[in-house]
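Chemist: what's the 3D shape of this:
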Amino acid sequence: MNRMTRIAASVVLLVTAAGCAVGPDFKRPAAPDVSGYTANQLTTTVATPTQDGQSQRLNQGQAVSAKWWTLFGSDALNTLVEEALKANPDLQSAKAALRAAQENLAAQRADFFPTLDGSHNSSRTRNAKAIASPLKSNADLYSLHTSQLVVSYMPDVFGGVRRQVESTAAQTEAVRFEYEAAYLTLTSSVVNAAIQEAALRAQVKATQEAVKVANQLLEATRKQQRAGLLGGADVAAQEAALAQMEASLPPLEKQLAQQRNLITVLAGRYPSDEITQRFELDALHLPAELPLSLPSQLVEQRPDIRAAQAQLHAASADIGVAIAARLPSVTLTGNVGSSEELLRMLFSSGTGLWNLSAGLAVPIFHGGSLMHQQRAAEARYDQAAAQYRSTVLTAFQNVADTLHAIQADARSLQSAHKAELAARKSLSMAQRQLAAGMVGSPAVLQAEQAYQQALVSVAQARADRFVDSVALLQALGGGWWARDEQVAGSS
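Modeler: Numbers count the residues shown, from 1 in each chain. All right, here's what the predicted structure looks like:
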């Protein structure tokens with residue numbers, strides 16, 4: 001090794017050891033400086049109707065449970081969610097993507113180390129008389145066997161490799177939180193699908209009950225016609241009302257069947273392999289307390305925010321990669337081996353060979369491409385920063401929307417219960433008056449239709465409160481950080 005090579009190697013080692021890396025050092029964005037989710041302070045206790053018997057309270061600062069779906073008190077629901085987590089192909093795909101990203105990161109980190117490659121070459125050669133033989137014997141016909149080890153190393157003088165590994169690590173972190181988002185989306189979808197099934201089942205039951213009442217009313221109307229108290233028009237009107245109610249059943253039954261198919265597929269099964277669980281509104285319990293994370297905690301808990309932050313980190317590191325590409329690079333190469341005519345004589349005395357080299361590459365003129373690549377990286381960072389802010393704003397909007405929905409839907413359920421009681425009372429009075437000949441069938445038909453609609457409204461309003469609870473737990477991040485089972489490479 002000559003003097004200049006030794007000097008170059010020393011400089012490379014010193015600069016590398018200094019640990020400098022060009023480009024900006026990433027700093028995590030500060031948490032939003034807000035004290036609440038809504039413009040007006042919402043009450044922490046959500047009023048509920050006495051008929052429902054289920055009250056809710058928003059507990060500010062309470063942590064979200066990792067298995068938040070257990071708050072609904074349904075063993076069937078708990079079992080279904082666990083089955084979906086094990087068998088859903090979308091979640092399996094997200095987990096495989098995470099494993100691939102982690103392996104790519106491990107491969108990228110190999111750039112910190114020298115590469116070592118081995119080679120062996122055997123040849124049989126005959127030289128022309130006019131060409132000098134490379135052998136000491138000057139033979140024109142000969143065999144040559146060569147084995148070598150080649151070491152190559154590119155010192156990370158300006159930190160380009162470090163920035164590239166930093167970028168890849170941040171992208172892996174983004175994929176990890178995409179997995180967490182897929183996990184949260186799946187669990188929320190399963191719970192919401194079960195709630196919607198329960199609501200549809202209640203609506204089907206209410207409609208069937210209304211059809212039963214309409215049949216009874218039709219029989220009473222026919223009796224009055226036979227007694228001469230009512231005419232044929234009254235009977236025809238009641239028959240039309242019954243037919244209309246019966247016609248409303250098939251669409252509801254279709255929706256219920258499709259909902260069953262959805263739940264079965266979410267659980268990773270074919271529709272023909274239908275799940276065994278059946279869901280009723282009365283078997284679900286509204287969580288008495290709902291957690292409400294502090295605004296400063298939301299940016300740490302939401303998987304989509306954490307993924308956007310990781311993408312911002314990757315964009316920051318990419319600026320350093322682009323800057324390093326405009327600076328000189330050093331390559332150190334060495335090889336050692338043996339070359340001999342006879343294979344059995346390889347590595348014997350006098351057959352050794354070696355070579356050491358150091359190279360310096362300096363970008364001089366690339367038509368401005370390197371400069372523009374750096375500017376593009378800086379623009380992508382600005383883009384990622386804007387996308388991060390948008391994700392944070394959307395997350396806060398999700399929580400605010402859900403809080404308003406929780407308050408409004410509780411009042412809607414109160415109103416629906418009052419309407420159902422009033423409609424039931426009105427129908428009962430109209431039926432007694434019809435039996436006594438005091439009113440005609442139109443009054444009873446109107447009361448009957450109002451009662452049917454009231455029953456359906458109550459079922460949907462009850463389901464809305466369950467859905468609101470799911471939405472809040474989802475909007476707060478779903479408690480992924482508290483899970484005992486963590487995906488590989490997570491922290």
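
Chemist: All the strands of the chain, residue numbers only.
Modeler: Secondary structure of the chain by DSSP state E: the strands cover 45-46, 56-60, 115-126, 141-153, 289-292, 329-340, 352-361.

Chemist: Could you give the average pLDDT over the third one?
Modeler: Strand 115-126 carries an average pLDDT of 92.

Chemist: Each with direction, which strands does that strand pair with?
Modeler: With DSSP bridges as the test, strand 115-126 is paired with strand 141-153 (antiparallel).

Chemist: And the partner strand, how far out from the chain middle?
Modeler: 52 Å (C-alpha atoms, centre = their mean, to the nearest Å).

Chemist: doesn't Met245 make contact with Thr207?
Modeler: Yes - between Thr207 and Met245 a contact is recorded at 6.7 Å, counting by C-beta atoms under 8 Å. Just so you know, the C-beta spots here come from the backbone N, C-alpha and C atoms, and that holds for glycine as well.

Chemist: Could you pull out the residues contacting both of the two?
Modeler: With contacts defined as C-beta atoms under 8 Å, 6 or more residues apart in numbering, the residues adjacent to both Thr207 and Met245 are Gln452.

Chemist: and the strands of the chain, which is most packed in?
Modeler: Neighbour counts (mean count of other C-beta atoms under 10 Å) averaged over each of the strands of the chain peak at strand 289-292, with a mean of 20.

Chemist: I'd like to know how many residues surround Ala63.
Modeler: The number of residues packed near Ala63 is 14, by other C-beta atoms under 10 Å.

Chemist: And Gly367, by the same measure?
Modeler: Using other C-beta under 10 Å, Gly367 has 7 neighbouring residues.

Chemist: so which of the strands of the chain gets nearest Leu281?
Modeler: strand 56-60 (15.8 Å; C-beta to C-beta).

Chemist: That closest one pairs with which strands, parallel or anti?
Modeler: Each strand that pairs with strand 56-60, with its direction, by DSSP bridges: strand 45-46 (antiparallel), strand 289-292 (parallel).

Chemist: one step back: turn the strands of the chain into JSON lines, including distance to Arg278.
Modeler: Formatted as JSON lines, the strands of the chain follow (distance: least, C-beta to C-beta, whole Å):
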{"stretch": "strand 45-46", "distance to Arg278": "28"}
{"stretch": "strand 56-60", "distance to Arg278": "25"}
{"stretch": "strand 115-126", "distance to Arg278": "61"}
{"stretch": "strand 141-153", "distance to Arg278": "65"}
{"stretch": "strand 289-292", "distance to Arg278": "26"}
{"stretch": "strand 329-340", "distance to Arg278": "66"}
{"stretch": "strand 352-361", "distance to Arg278": "70"}
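
Chemist: so which of those strands gets nearest Gly477?
Modeler: Proximity to Gly477 (C-beta to C-beta) singles out strand 289-292 among the strands of the chain, at 10.1 Å.

Chemist: average model confidence for the closest one?
Modeler: 92.

Chemist: Quick one: distance of it to the chain centre.
Modeler: The answer for strand 289-292 is 22 Å, by C-alpha atoms, centre = their mean.
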